[in-house]
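Colleague: From the sequence below, what's the structure:
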Amino acid sequence: MEGLNIVMKEACAKGIFTGTRIPNSNLTLSHLFYADDALFVGEWIEENINNLARILRCFHVSSGLKVNFNKSRVFGIGVEKQEITSLVEPLGCKPSDLPFTYLGVPVGANRWIGDSTLKTSFPEAYKLERYKHCKISDRLQNGDLIWDWKSAPRTLESVSETALLVSRISDFQTVQGNDKWVCTLASDGVFHVGRLRKKIDQWNLPTVETTLKWIHEIPLKVTCFMWRAKLERIPTACALLKRGIQITSPICSYCENAEEDTTHVLFRCSMAVRVWEWVLSWCNLPNIHFESVEEMLAFTTQWGSCEMKRRVLISICYGTTWFLWKARCDWVFKKLRTSPAKVVDSIKSTVFLWMKYRRKHCTFQWIDWCINPFI
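Modeller: Purely as a prediction, here's the structure:
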């Protein structure tokens, strides 16, 4: 989208496309981009529409990115729908009416009374209006409604809607000047991102996200595996079934007691339970039991007061999940059944090598490490 942004700026600078000048400022608005959503704004002239179609075709040829015209719409402000229909053919879009929603924000919705448009609130009265695109100022003068209807209200619905509309605007007072946006977060009515950020922080919204630590001592592939496990993205039997991949059975092939998902493989399988018992006892944490990746991450990131020891515990826990997954894959693909004791030995030796050769000024000794990693 950055390429299209540059193209539109260049087109406006050379007069190929004419944007809309914002009142009371020197700014001209021609386009708004967010992710893969685009909104083009310009003067309603045939040359503008044809040039925009040419710009989009050139952008498609040069970048390979194509606009989905089936989902695109063209809106004309103060223009009859027949004229919109006749001019949108070069773009290949469908004509539509205001209001519409862009990124969840209503655009063109005249909500000066209530929470919906007058067209929605008073549909029968709207049908009687001769000029559908009239402004409120055309119908409201000195506090009185000046009607321009095809015929007087006769049905019960139109009469009742007219009475309700009159009652709603009885206390409404117009002010001189142009319409403007007012931010209620500040007394001066001016929007600032910092004020919005402060307001959000004051809500103290609870967070359920746990932090995944990216530590230098841990190989990147192991941390990436933990990240995928946290997101339930490792290819367990249940995950493969959800992706539409046919497998023999979703039951864990190691213990054959439950369906094989991320939590089962890494924490609830008989192999995982025994390995975690031995590893946590080795770390002098015999009464700790993890039931999920989130629970393990929450505990390790908050454990203890020494940052260096906390990094060691995180490395050990990441290494444990890594070797549990490796043991599972060895059984599934190679039919090699690794014992829990051998898995624990691999965890101790491998994590020791991580600490020894990936940490600066490491003072760990193998004999002490085998007794307790925090000595």
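Colleague: Could you list the buried residues of stretch 25-45?
Modeller: S30, H31, A38, F40, G42, W44 (16 or more other Cβ atoms under 10 Å). Every residue, glycine included, has its C-beta placed from N, CA and C.
Colleague: now, the most widely separated pair of these?
Modeller: For these, the maximum inter-member distance is 18.3 Å, found between A38 and W44 (Cβ to Cβ).
Colleague: thinking again about what came up before, any idea which of the buried residues of stretch 25-45 is the one closest to I314?
Modeller: Of those, the one sitting nearest to I314 (Cβ to Cβ) turns out to be A38, at 43.3 Å.
Colleague: pLDDT score assigned to the closest residue to that closest one other than its chain neighbours?
Modeller: Excluding the flanking residues, the one nearest A38 by Cβ to Cβ, 6 or more residues apart in numbering is H31, at 6.6 Å. On pLDDT, H31 comes in at 88.
Colleague: Next up, the contacts around H31.
Modeller: Contact partners of H31, counting by Cβ atoms under 8 Å, 6 or more residues apart in numbering, are L4, N5, M8, G19, A38, L39, F40, V41.
Colleague: Please settle this for me: is the fifth one part of a strand?
Modeller: Yes - assessed with DSSP: H, G, I helix; E, B strand; the rest coil, A38 lies in a strand.
Colleague: Could you check how far it is from A272?
Modeller: 49 Å (Cβ to Cβ, to the nearest Å).
Colleague: cool, and the fourth one?
Modeller: Using Cβ to Cβ, one obtains 61 Å as the distance from G19 to A272.
Colleague: Quick check: mean pLDDT of the lengthiest helix in the chain?
Modeller: For the chain, the longest helix by residue count, based on DSSP state H, is helix 307-334. Average pLDDT, helix 307-334: 93.
Colleague: on contacts alone, who are the packing partners of that helix?
Modeller: helix 220-230, helix 270-282, helix 293-302, helix 340-358 (3 or more Cβ pairs under 8 Å, 6 or more residues apart in numbering; DSSP states H and E).
Colleague: what ranges do the strands span in the stretch 51-200 of the chain?
Modeller: Assigned by DSSP state E, counting those that start in this stretch, the strands in the stretch 51-200 of the chain fall at 73-75, 94-96, 100-102, 105-107, 140-141, 144-145.
Colleague: List the contacts of the residue lying closest to A35 once chain neighbours are set aside.
Modeller: Computed as Cβ to Cβ, 6+ apart, the closest residue to A35 that is not its neighbour in sequence is M1, at 7.7 Å. Counting by Cβ under 8 Å, 6+ apart, M1 makes contact with F33, A35, D36, A38.
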